[in-house]
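Colleague: task: produce atomic coordinates for the following.
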Amino acid sequence: MTGPEAARGPQAVARFLRPRSVAIVGMSARAGSAGQVILQSLKLNNFKGDIHLVGRSTEPIDGRPVLKSPDELPEGVDLAVFTLPAAGVHEAIEACARRKVGSAMIFAAGFAEVGDQTTQDAVTATARTAGLAVVGPNCLGMTNNVDGMWLHMLFAREARRNVEGGVAFVGQSGGLLGHFQRAADGLGLPLSYVISTGNEAGLEGTDFVEFLAEDRSTRVIALYCEQIRRPAEFLAACRRARAAGKPIVLMQAGRGAKARKAALSHTGALIGDFATMRTQVEDAGAIVAYTMDEMMDLVQILVRYPEPPAKGPGILTASGAYVGLTNDFAEEVGLELPELEPATLKRVGEVARPVESFNKGMVGSTKPKVMVALGDTWPLGPDVMEAVRESPAVFSRSSDRMMRAIALYTRYGRLLARPIATLPPEPIQGLPKLGKGAQPEWLGKKVLAAAGIRVPDGELARTADEAIMVAKRIGYPVVLKAQAAALSHKTEAGGVILNLADESAVRAAWDTLVENVKRAAPGIRLDGALVEKMSPKGIELMVGAKRDPGWGTVLLLGLGGIWVEALGDVKLLPVGADERQIVEALHNLRTAKLLAGFRGAPPADITAVAQVVMAIGRLMQTVPELTEIDVNPLMVHAKGQGATALDALIVA
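Modeller: Coordinates of the predicted model:
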């Protein structure tokens, strides 16, 4: 494979991680320089391939000739390690491209991270055209503990070899990479690869996931990303890893950034980049961690037990206080603690004493095991530590950290247990023709009705007389709602008048409505007014969907009406979510008590809500021109009585 295709993907990663020949570009005779560190690393790790030096020295270094330019390199060197400043990188990349170098690792900073995107883009374009895979710039290096390769700009060290069942860490932050590597060493975690990707001008996290999904030495993939540039390819790589049984733990910066503004709908305003990314990557087979502790603890469990269970743990403790505190904390972090049968409790009391008993009791059990000793830095006895070392369990000194990790671990198990849709949904018949942009409510409701979503009985009226005729047909009381595609916020414009009880009320309301809209939005030309039967009371929810140009389509549901923006109590779901996923999301809302029957009210029809959400998902999957759907409020009636879409905004 040559040309741009050769600059990325698993084969390009293999050239970088497992080079048969290395060139150090920017070699210096100065002790402690980056070039000297790389040369010492190659020697320390008994690199068997050819080593080429490119620099300004007129004398040999370490008995090796120093070439004046990368143009003097033999053709086809697998890896060029750039230890020169940013100003010389582009010229060196051009020379390496001419010599058909397979990959280049660029340590130098001073590119896009400081605002010089132009130079970085030029380096990327030159390398990609030549099929040259670039790692960096602004990276610290890589460790390959499978083949015994250590290439870091700061210091030389002997790498391990033949690691199996290890963790591969890929991260854009060199500093975080160092913390992870030290933490993993302290925990005794086997590391297969540690790779600093920096600005990702060439190879990206996606390329490394594609490689690691097929790597036999890697059991768990840990990623730190600051930007995922090719979402569709990244999701495909996650699915490939999932199919190969490789858990992925992802941490990405930016979840606190404000969601992108969307003038038209609540859905667009409430769905931010991070929330969309998390929904989609977790649907594809990864799990998103928020903190370094979460990532380390979860990886530690997954390395030993890579198949997470969907149900919560049993917890053994000798402390009654810990029982109460644990139940409180478990509820806080969303961890289910199943109750034990009396016979099980009796048996546990008979055998559960020190760590040795725990180990004996767990012999032959495939269940994941975690052991926690409280007391922080208080030293444990040598007999206890010996039993800990012999135990199959993950060991920790923090119960809070472990419970958070277990909550994430079992959540991952539930995510992986979701059925994977194999067939696309059937197209929906009878859809009206839509124009571009926001659709008026009356037309949006025709779309919803075609999808099987209940809307109030009603019709568009273009005159007051037509409105009275519609009201007589559907029965009083009715609501009158101004209709125009450009009038997305009708209530604020005085374009909604409720509880009209008779003909005279409708006629008076018509005139009032027209005047209100003319005053609030003088440039808008109304289609007319939607006359609808007033709906019975219920619980107001909001359901919606948005198609992101990069990440694809997500569904949204939460408390609706005027509270949707005030409280932001919403959950995101993948577009193909089934009834079980939707019901679980409803139960996880902060305001879920309202749905269960609050203060004497009957329980809400959550099955009907799930059917509405699935219908919206089907619309988004089968009608590609739809970019956004916002149903707010969806009036949810008592159990068995369904749900009604009282307002709808659809964008095509």
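
Colleague: isn't there a strand covering Val281?
Modeller: No: when classified by DSSP: H, G, I helix; E, B strand; the rest coil, Val281 is found to be helix rather than part of a strand.

Colleague: next, count neighbours for it.
Modeller: When counting by other Cβ atoms under 10 Å, one arrives at 23 neighbours for Val281. Quick note: C-beta positions are derived from backbone N, CA and C, even for glycine.

Colleague: check Met402 too.
Modeller: For Met402, the neighbour count with other Cβ under 10 Å is 21.

Colleague: and what of the one 10 residues further on?
Modeller: Number of residues near Tyr412 (other Cβ under 10 Å) recorded here: 26.

Colleague: same question for Val333.
Modeller: Neighbour number of Val333 under other Cβ under 10 Å is 14.

Colleague: contacting residues for the nearest residue to Val249 once chain neighbours are set aside?
Modeller: Nearest non-adjacent residue to Val249, counting by Cβ to Cβ, 6 or more residues apart in numbering: Ala222, 4.9 Å away. Residues near Ala222 by Cβ atoms under 8 Å, 6 or more residues apart in numbering: 167-170, 180, 248-249, 251, 295, 299.

Colleague: which of these scores worst on pLDDT?
Modeller: Least confident entry in the contacts of Ala222, by pLDDT: Phe180, with 90.

Colleague: which residues does the residue nearest to Val249 form beta bridges with?
Modeller: Here Ala222 sits in beta bridges with Phe169, Val249, going by DSSP bridges.

Colleague: could I get the contacts of Ala222 as CSV with neighbour count?
Modeller: Shown next, in CSV, are the contacts of Ala222 (neighbours: other Cβ atoms under 10 Å):
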residue, neighbour count
Val167, 26
Ala168, 28
Phe169, 27
Val170, 26
Phe180, 24
Ile248, 25
Val249, 24
Met251, 21
Met295, 25
Val299, 24
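
Colleague: shaky segments in this protein?
Modeller: Judged by pLDDT under 70, the chain has its weakly predicted residues at 1-2, 256-272, 351-353, 355, 562-566.

Colleague: next, name the residue at the spatial heart of it.
Modeller: Central residue of the chain (Cα atoms, centre = their mean): Arg278, 2.2 Å from the mean position.

Colleague: give me the phi and psi for that one.
Modeller: When read as degrees, to the nearest 10, the backbone of Arg278 gives phi -60, psi -50.

Colleague: what's opposite the closest residue to it other than its chain neighbours in the beta bridge?
Modeller: In this structure, Arg278 finds its nearest non-sequential neighbour in Val288, 4.7 Å apart by Cβ to Cβ, 6+ apart. Beta-bridge partners for Val288, by DSSP bridges, are Leu250.

Colleague: contacts only, for Val288.
Modeller: For Val288, the contacting residues are 250-252, 277-278, 281-282, by Cβ under 8 Å, 6+ apart.

Colleague: leaving out chain neighbours, which residue sits closest to Asp647?
Modeller: Distances taken as Cβ to Cβ, 6+ apart place Asn632 nearest to Asp647, at 5.9 Å, with adjacent residues excluded.

Colleague: so how many other residues sit close to that neighbour?
Modeller: Neighbours of Asn632 under the rule other Cβ under 10 Å: 23.

Colleague: what about the closest residue to Leu374 other than its chain neighbours, distance to Val370?
Modeller: Nearest non-adjacent residue to Leu374, counting by Cβ to Cβ, 6+ apart: Ser399, 6.4 Å away. Distance, Ser399 to Val370, by Cβ to Cβ, to the nearest Å: 9 Å.

Colleague: neighbour count for the two, which is higher?
Modeller: Neighbours were counted for Ser399 and for Val370 using other Cβ under 10 Å; Val370 has more, 21 against 18.

Colleague: phi and psi next, for that one.
Modeller: Val370 adopts backbone torsions of phi -130, psi 130, taken as degrees, to the nearest 10.

Colleague: ok, now which ones touch it?
Modeller: 301, 313, 393-396, 402, 406.

Colleague: which residues touch Gly314?
Modeller: Counting by Cβ under 8 Å, 6+ apart, Gly314 has contacts 337-338, 340.

Colleague: give me that answer again for 10 Å
Modeller: Going by Cβ atoms under 10 Å, 6 or more residues apart in numbering, Gly314 touches 337-340, 344-345, 348, 367.

Colleague: give me the number of residues near Gly245?
Modeller: Counted with other Cβ under 10 Å, Gly245 comes out at 12.

Colleague: my bad, Gly452
Modeller: With other Cβ under 10 Å as criterion, Gly452 counts 13.

Colleague: one more: Ala284?
Modeller: Ala284 is flanked by 20 other residues according to other Cβ under 10 Å.

Colleague: list the buried residues in stretch 298-314.
Modeller: Neighbour-count burial for stretch 298-314, counted by 16 or more other Cβ atoms under 10 Å, picks out 298-305, 308-309, 312-313.

Colleague: out of these, which are inside strands?
Modeller: Using DSSP state E, no member of the buried residues of stretch 298-314 falls within strands.

Colleague: which among the residues you listed gets closest to Ser33?
Modeller: Nearest to Ser33 among these, counting by Cβ to Cβ, is Val299 at 34.2 Å.

Colleague: those strands in the stretch 451-600 of the chain, which residues are they?
Modeller: 458-461, 478-483, 496-500, 528-533, 539-548, 552-559, 570-574 (DSSP state E, counting those that start in this stretch).

Colleague: list the contacts for Tyr409?
Modeller: 247, 287, 297-298, 301-302, 305, 308-309, 312-313, 335, 368, 370, 402.

Colleague: sorry, wrong one. I was asking about Ile582.
Modeller: Residues near Ile582 by Cβ under 10 Å, 6+ apart: 543, 555, 557, 571, 573, 606-607, 609-614, 617.

Colleague: neighbour count added to those, as TSV?
Modeller: Shown next, in TSV, are those (neighbours: other Cβ under 10 Å):
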residue	neighbour count
Val543	30
Leu555	27
Leu557	27
Lys571	19
Leu573	22
Ile606	21
Thr607	14
Val609	24
Ala610	22
Gln611	18
Val612	25
Val613	30
Met614	22
Gly617	25
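
Colleague: can you tell me which of those residues is closest to Leu374?
Modeller: Leu374 lies nearest to Lys571 out of the contacts of Ile582, by Cβ to Cβ, at 34.2 Å.
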